[in-house]
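1. Please work out how this folds:
(chains A and B)
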Amino acid sequence: MKKTLLSAAPRHRFPKAPTGIAGLDEITSGGLPRGRTTLLVGGPGCGKTLLAMAFLAHGATQCGEPGVCLQFEETADKLAANLASLGLDLHELSRRKKLLVDHIRIDRNEIEETGEYNLDGLFIRLGLAVDTIKAKRVVMDGIETLFAGLSDQAVLRSELRRLFRWLDDHNLSAIVTGERGDKNLSRHGLEEYIADCVILLDHRVSEQLSTRRLRIVKYRGSSHGTDEYPFLIDDDGFTMMPVTSLGLTHKASKERVSSGFPGLDEMLDGKGFYRGSSVLVSGSAGTGKSSIGARFAEAACARGESCLYFAFEESPSQIIRNMASLGIRLEPYVEKGLLQFHAARPTNSGLEMHLATMQKMVLKLNPRAVVVDPITSIFTAGNSHGAQLMFTRLLDFLKMRGVTSVFTDLTPGEHSLRRGYEGVSSLMDTWIKLWLVSTNGSGAARMISVIKSRGMAHTRQGRELIVKKGRLDLGPAPGSHPAASAEVSE
Amino acid sequence: MSAAAKAIKKTPVKGKAAKRAKADIWELRLYIAGQTPNSIATIANLRRICEERLQGRYRIEIIDLLEKPQLARGDQIIAIPTLVRKLPTPIKRIIGNLSTAERALVGLDLQPAK
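-> The predicted structure follows:
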């Protein structure tokens, strides 16, 4: 008997309703609480409606769970436009009875209150909508407008309590959105009624760079990530950085890939980089960092591998032109679709947004090689304490996918790395340094050395790097240049 | 008759509201949800006010949303009971059981707000 009892009570796993937003489903171990209500709090324009609608749309299209939206704030047109940004056609979904939107308009000016009332009208509308399409999910967006529309707060509060209980009783997975408040989490203290799951969205602008973040304040009965997670809202809707599954568990590849530069391959054990490793190429202005990145991209494409090139300082056409003058031909691969550029001004958004965008593009295009030219620009564009952590995650993410990545890094002075990302070089598997030395009478010579390269017997001595029209080459054999050894031993 | 209603009767109706009240037929629609004590009280309050102020010039339609839930959407009904003045325009809404006659009259534009 005892045994039966035990087996009848397996380890309770909280059932989840997936949102379809990869990062969010990961940090919540599967989604929002199924059959319960989640409170989504945030200031104006921080993406509450979009997240809520994404939840409905995912349920309706992917999980066979039709959804009802009681929309208190946005007009039909605005909502349709919002959904269109997720690539969903509101009218089509409505026609197929997957989604039903009821717009609730309350105009304080044309309502007079006299005597007792309750919100049965709202219940009846919700009940009818849920029955009509057999909804499993519900969104109530902007329910706090009720507080402005109705003056009897006591009635309103008891009715809201009844409403949330009704949702629970009907086993509906719901999202209720609320405005961020000053004293309470939400302006009207909705968190008092919704106790199972509370998510906070935030849209911060610091040093003129905006960053959107999401935090799970509370998730009863479920483990969840507690950090603030950056997210993006763009043409594809809502994207979060999937982070939880990352770590140091990726399998290290023994395969080697050429850097595209025979001289550099020679310095790296004669074989080049490890596939899936990360490479930092640092140096001051004019040392030839970009040409190493571009040569690597060209070599990857020549092997038939796709490459994603993030350009943060020059436009793609400028890079293609400049590299062509060194005999690095990128254009044919762009035409073939093997090489894809993503150019953005570093000041367009904060570092976290850049990293999230990069991760998203890697997921979308699935390249074998990535070049970031230069990483410095985005690191200087707004640097929060979480930035390096995020960068670590991006590196882990690339490694996990076996993407070989080259990051160029502009050092301002001669040798020092800039403050704020000293740790970056320690995360890298290979660190290549470029610098200039003055030569007798003939100006400056470019030097290259491999500071470190994990898991291989690389050359430790500096060599001269010859960047000339049509070629990229190493200078005379080690030792023959007097400045080389002195520099490296520093 | 309540004290409030008596007080109103003594005050002559003046101005625009009075002219309009004489000219038009009033169309009132009352939304309820089931025969609850509150909805019964509301109906009684409404009938009394109409008889006192709009005798012979009003029509009342009572809609029970438990029977016709699909009608809640059209008139944007949230609270129950809700009285909607369809005519004369503009549309007015009064929520609650109409127990405070003055406020009900103000809501219906039968008495200018003081």
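
2. Report the beta-bridge partner residues of the closest residue to chain B within chain A.
-> Across chain A, the shortest distance to chain B (Cβ to the nearest Cβ) belongs to A:Glu112, at 3.0 Å. To be clear about C-beta, it is placed using only N, CA and C from the backbone, and glycine gets the same treatment. Beta-bridge partners recorded for A:Glu112 (DSSP bridges): B:Ile94.

3. Could you measure from it over to B:Arg85?
-> Distance of A:Glu112 to B:Arg85, computed by Cβ to Cβ, to the nearest Å: 10 Å.

4. Now list whatever residues contact both of those two.
-> The contact sets of A:Glu112 and B:Arg85 overlap at B:Lys92, B:Arg93, B:Ile94 (Cβ atoms under 8 Å, 6 or more residues apart in numbering or on different chains).

5. next SSE after the helix or strand that contains A:Asp168?
-> If you go by DSSP states H and E, A:Asp168 is part of helix A:153-169. Per DSSP H and E, the first helix or strand lying C-terminal to helix A:153-169 is strand A:173-179.

6. Tell me which residues of that next one come out buried.
-> A:Ser173, A:Ala174, A:Ile175, A:Val176, A:Thr177, A:Gly178, A:Glu179 (16 or more other Cβ atoms under 10 Å in any protein chain shown).

7. cool, and stretch A:286-299?
-> Those would be A:287-299, for stretch A:286-299 by 16+ other Cβ under 10 Å.

8. tell me what the helix holding A:Asp168 is packed against?
-> On a contact count with 3 or more Cβ pairs under 8 Å, 6 or more residues apart in numbering or on different chains; DSSP states H and E, helix A:153-169 meets strand A:37-42, helix A:120-133, helix A:145-149.

9. cutoff 10 Å now
-> The elements that helix A:153-169 packs onto, with contact taken as 3 or more Cβ pairs under 10 Å, 6 or more residues apart in numbering or on different chains; DSSP states H and E, are strand A:37-42, helix A:120-133, strand A:137-141, helix A:145-149, strand A:173-179.

10. would you turn those into JSON lines with mean pLDDT?
-> Supplementary listing: the helices and strands packed on helix A:153-169 in JSON lines, determined by pLDDT from 0 to 100:
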{"stretch": "strand A:37-42", "mean pLDDT": "94"}
{"stretch": "helix A:120-133", "mean pLDDT": "95"}
{"stretch": "strand A:137-141", "mean pLDDT": "96"}
{"stretch": "helix A:145-149", "mean pLDDT": "88"}
{"stretch": "strand A:173-179", "mean pLDDT": "94"}
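
11. any chance of those in a markdown table, with distance to A:Arg95 too?
-> Output for the helices and strands packed on helix A:153-169, formatted as a markdown table (distance: least, Cβ to Cβ, whole Å):
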| stretch | distance to A:Arg95 |
| --- | --- |
| strand A:37-42 | 27 |
| helix A:120-133 | 11 |
| strand A:137-141 | 18 |
| helix A:145-149 | 28 |
| strand A:173-179 | 23 |
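
12. who wins for proximity to B:Glu51 among those?
-> helix A:120-133 (26.5 Å; Cβ to Cβ).

13. other SSEs contacting the closest one?
-> So helix A:120-133, by 3+ Cβ pairs under 10 Å, 6+ apart, packs with strand A:67-71, strand A:99-103, strand A:137-141, helix A:153-169, strand B:26-32, helix B:71-74.

14. of all those, which lies closest to A:Thr49?
-> Minimum separation from A:Thr49 across the helices and strands packed on helix A:120-133 (Cβ to Cβ) falls at strand A:137-141, 5.4 Å.

15. What pairs with the closest one, parallel or antiparallel?
-> In the sheet, strand A:137-141 lines up with strand A:67-71 (parallel), strand A:173-179 (parallel) (DSSP bridges).

16. Which pLDDT does the model give the residue in chain B that chain A sits nearest to?
-> Here the residue of chain B nearest chain A is B:Gly107; by Cβ to the nearest Cβ that distance is 3.0 Å. What the model reports for B:Gly107 is a pLDDT of 75.

17. same deal with A:Phe72?
-> Per-residue pLDDT puts A:Phe72 at 92.

18. Wait, it touches A:Arg105, no?
-> Yes. Assessed by Cβ atoms under 10 Å, A:Phe72 is found in contact with A:Arg105 at 8.1 Å.

19. who touches both of the two?
-> Listed as contacting both A:Phe72 and A:Arg105 by Cβ atoms under 10 Å, 6 or more residues apart in numbering or on different chains are A:Thr145, A:Gly149, B:Ile78.

20. Please tell me which one of the residues you listed counts the most neighbours.
-> Highest neighbour count within those, by other Cβ atoms under 10 Å in any protein chain shown: B:Ile78, with 27 neighbours.

21. related to what we said a few turns ago, for B:Asn45, find the nearest of the helices and strands packed on helix A:153-169.
-> Taking the helices and strands packed on helix A:153-169 one by one with Cβ to Cβ, helix A:120-133 is closest: 17.8 Å.

22. Reduced to three states, what does A:Phe286 come out as?
-> Just so we're on the same page, residue A:286 is Gly rather than Phe. Counting by DSSP: H, G, I helix; E, B strand; the rest coil, the backbone at A:Gly286 sits in coil.

23. Just give the nearest non-adjacent residue to it, would you?
-> Spatially, and ignoring its direct neighbours in sequence, A:Gly286 is nearest to A:Leu436 (7.2 Å; Cβ to Cβ, 6 or more residues apart in numbering or on different chains).

24. for A:Ala17, same thing?
-> Closest to A:Ala17 by Cβ to Cβ, 6+ apart is A:Ser173, at 3.9 Å.

25. how much space between the spatially closest residue to A:Val176 that is not a sequence neighbour and A:Val101?
-> Spatially, and ignoring its direct neighbours in sequence, A:Val176 is nearest to A:Met140 (4.8 Å; Cβ to Cβ, 6+ apart). According to Cβ to Cβ, A:Met140 and A:Val101 sit 12 Å apart.
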